[in-house]
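S.K.: got a predicted structure here, sequence first:
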Amino acid sequence: MRIYLTGASGFVGSNLAHVFAHRHGAEVVAPAHEHVDLTDELLVRRSVLATKPDAIVHAAIWNDPAGLRSDRRRAWDAYVGATRHVVAAANAVDAHVVLVSTDWVFDGTQGPAGESAPPNPINTYGFLKACSELIVTECAGRGTIARIAGVQGVHRARPSAPRAQDAGFGYLVVSLVDALRAGERFTLWDGPGLNRLATPTLASDAAELVRRALELEATGILHCCGGEHSDRVTLARRATRVFELDEELLDVGPPPDALVGEPVPADTRLDAAATARALGVDLPDLNTMLGRLRAEVDQAWSLA
Ligand SMILES: NC(=O)c1ccc[n+]([C@@H]2O[C@H](COP(=O)([O-])OP(=O)(O)OC[C@H]3O[C@@H](n4cnc5c(N)ncnc54)[C@H](OP(=O)(O)O)[C@@H]3O)[C@@H](O)[C@H]2O)c1
């Protein structure tokens, strides 16, 4: 299978590329941002027509929360415009198109939200992702929306890129592990204004689910997430146990004032029962997911 992948130099995209190519032998075509800017319709079309992929997986985003608010034009073009270009190009070559999306399309009161729950985003990022989802739902000949959530893992394209805790769950475990393995204290943020409940997902597990969706030609909305919900503190404490770290170094406190920005959905748990049925898989519980994450982190450290 030939897969055209956008955003392959990013955190999620690099895991998609790894799983598609190295675990499943797919031919992955992944033009860099500097060669194919997805906001350029003609470039996208030419690039896809030249490649004739069986599928396009669209994981690229402009990842700059402050920029999304200050430059609405660029934000719209980078999310909604780029998705429109990708979907049109996929239709032109009759390719299956998968949009990687997010649990942040929900408002934080809908958890556990099923695949058919109506999105109700409360910040710019969620709004732009929900609009991008609609493009796929309404315009793709064969389209899938793969919502991922609370993504953990190693960045396979930029393994030494700085990892930091933020208002969401992304990178939470690895940033904690980095600190505790260095013998440093780590203050886990918890309190109002944060994403406090989610369904943490290993990036490579999400990639396996996307690949399975391509294999089965599963269309519609899928929740490509883990199999167990968690709050921030539970995830952090379980991680210290699975990684055999000193739990005494873990503090829990409020986030810094500087973090205050747009609203953040508090409870973004995803119900993925329909997805698991559609793909014929069991989703991993938290300990299984963390065990796999540890294996990936240890392997990345041994190669560094
Ligand atoms: N990380 C999470 O916790 C999380 C959670 C839920 C959903 N997601 C979803 O996962 C996807 C990937 O997120 P991520 O965290 O992996 O982001 P990321 O690490 O910031 O990667 C973004 C990628 O998009 C590329 N890109 C940006 N603008 C582009 C453009 N105009 N044309 C072509 N390429 C462009 C970047 O290339 P350059 O770096 O070269 O600019 C990079 O490869 C997104 O759809 C996001 O909504 C992520």
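M.R.: Cool, got the structure.
S.K.: spit out the contact partners of the closest residue to the ligand within the stretch 151-300 of the chain.
M.R.: Nearest to the ligand in the stretch 151-300 of the chain, going by C-beta to the nearest ligand atom, is residue 170, at a distance of 2.6 Å. Every residue, glycine included, has its C-beta placed from N, CA and C. With contacts defined as C-beta atoms under 8 Å, 6 or more residues apart in numbering, residue 170 is in contact with 11, 150-152.
S.K.: okay if I get the residues you listed as CSV plus pLDDT?
M.R.: Putting the contacts of residue 170 into CSV (pLDDT from 0 to 100) gives the following:
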residue, pLDDT
11, 96
150, 97
151, 97
152, 97
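S.K.: could you identify the most distant pair in the residues you listed?
M.R.: Checked with C-beta to C-beta, the contacts of residue 170 reach their widest spread between 11 and 150, with 12.7 Å between them.
S.K.: helices or strands next to the longest helix anywhere in the chain in the packing?
M.R.: The single longest helix within the chain, with elements called by DSSP state H, is helix 286-303. Packed against helix 286-303 by the contact rule (3 or more C-beta pairs under 8 Å, 6 or more residues apart in numbering; DSSP states H and E) you find helix 172-181, strand 201-202, helix 203-216, helix 232-242.
S.K.: of those, flag the one that's most buried.
M.R.: Compared across the helices and strands packed on helix 286-303, strand 201-202 shows the largest average neighbour count, a mean of 28 (mean count of other C-beta atoms under 10 Å).
S.K.: adjacent strands (with direction) for it?
M.R.: With DSSP bridges as the test, strand 201-202 is paired with strand 151-152 (parallel).
S.K.: how about the strand it pairs with and the ligand, touching?
M.R.: Yes: Strand 151-152 comes into contact with the ligand (C-beta under 6 Å from any ligand atom), by way of residue 151.
S.K.: please apply the same query to stretch 258-274.
M.R.: No: applying C-beta under 6 Å from any ligand atom, one finds stretch 258-274 out of contact with the ligand, separated by at least 9.4 Å.
S.K.: distance from that stretch to the middle of the chain?
M.R.: 13 Å (C-alpha atoms, centre = their mean, to the nearest Å).
S.K.: what about the residue at the greatest distance from the centre of the chain, which SS state?
M.R.: In the chain, residue 248 marks the outermost C-alpha relative to the chain mean, sitting 30.5 Å out by C-alpha atoms, centre = their mean. At residue 248, secondary structure determined by DSSP: H, G, I helix; E, B strand; the rest coil is helix.
S.K.: where's residue 283, which helix or strand?
M.R.: For residue 283, there is no host helix or strand (DSSP states H and E).
S.K.: same question but for residue 90, I mixed them up
M.R.: With elements delineated by DSSP H and E, residue 90 resides in helix 82-92, which encompasses its position.
S.K.: buried residues, that helix. List them.
M.R.: Neighbour-count burial for helix 82-92, with 16 or more other C-beta atoms under 10 Å as criterion, is recorded at 82-91.
S.K.: same thing with stretch 47-55?
M.R.: The neighbour-count criterion (16+ other C-beta under 10 Å) identifies 47-48, 51, 53, 55 as the buried residues of stretch 47-55.
S.K.: out of the buried residues of helix 82-92, which are close to the ligand?
M.R.: Within the set of those, contact with the ligand (C-beta under 6 Å from any ligand atom) is found for residue 82.
S.K.: let me have the buried residues of helix 82-92 in CSV, extended by pLDDT.
M.R.: Compiled in CSV, the buried residues of helix 82-92 are given as follows (pLDDT from 0 to 100):
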residue, pLDDT
82, 99
83, 99
84, 98
85, 98
86, 99
87, 99
88, 98
89, 98
90, 98
91, 98
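S.K.: between the buried residues of helix 82-92, which is nearest the ligand?
M.R.: Nearest to the ligand out of the buried residues of helix 82-92 is residue 82 (C-beta to the nearest ligand atom; 5.8 Å).
S.K.: for the closest one, which non-adjacent residue is closest in space?
M.R.: Spatial nearest neighbour of residue 82, excluding adjacent residues (C-beta to C-beta, 6 or more residues apart in numbering): residue 38 at 3.7 Å.
S.K.: swap in residue 209?
M.R.: Closest residue to residue 209 in three dimensions, ignoring its sequence neighbours and counting by C-beta to C-beta, 6+ apart: residue 224, at 3.9 Å.
S.K.: residue contacts, the one you found?
M.R.: Residue 224 sits next to 146-148, 201, 206, 209-210, 213, 272, 275 when contact means C-beta under 8 Å, 6+ apart.
S.K.: hmm, try it at 6 Å
M.R.: Taking C-beta atoms under 6 Å, 6 or more residues apart in numbering as the definition of contact, the neighbours of residue 224 are 146, 148, 206, 209-210.
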